[in-house]
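Peer 1: prediction below, plus the sequence it came from.
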Amino acid sequence: MKEYEVAIKRKQPTCGGRTPYDSRIIEIETDDPISFVKTEEKEEDLEMKIERSDDGSIVIIIDNPPYHVVEYSFTEI
């Protein structure tokens with residue numbers, strides 16, 4: 001298993017004076033970041049955009065309009 005620091009940035013409606021994004025950082029162990037995201041989101045049909053960089057980091061963006069936009073940034077630690 002690999003260890004990752006995961007930055008999760010979730011778009012939310014700005015009504016009530018809330019900020020446009022809710023962000024948190026967690027540490028996890030997984031061999032499959034995509035499965036981790038599917039488990040976290042608890043939805044069957046997710047439209048995901050996956051970007052992998054040379055340094056091993058992975059960014060998974062879920063875009064289900066109008067407000068459900070979530071970005072998971074995985075950095076191996």
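Peer 2: Arrived safely, thanks for sending.

Peer 1: every contact and neighbour count from this point should use C-alpha atoms.
Peer 2: Fine.

Peer 1: buried ones in stretch 18-34?
Peer 2: 33-34 (16 or more other CA atoms under 10 Å).

Peer 1: who touches that stretch?
Peer 2: 1-14, 36, 60, 74 (CA atoms under 8 Å, 6 or more residues apart in numbering).

Peer 1: quick one: end-to-end length of that stretch, please.
Peer 2: 29 Å (CA to CA, to the nearest Å).

Peer 1: now, the contacts of stretch 18-34 that are in helices?
Peer 2: Residues of those located in helices (DSSP state H): F36.

Peer 1: and the contacts of stretch 18-34, which are buried?
Peer 2: 4-12, 60, 74.

Peer 1: before we move on, back to that, which ones among the contacts of stretch 18-34 map onto strands?
Peer 2: 2-11, 60, 74 (DSSP state E).

Peer 1: of the residues you listed, which pair is most distant in space?
Peer 2: The most widely separated members of the ones in strands among the contacts of stretch 18-34, counting by CA to CA, are K2 and K11 (27.4 Å).
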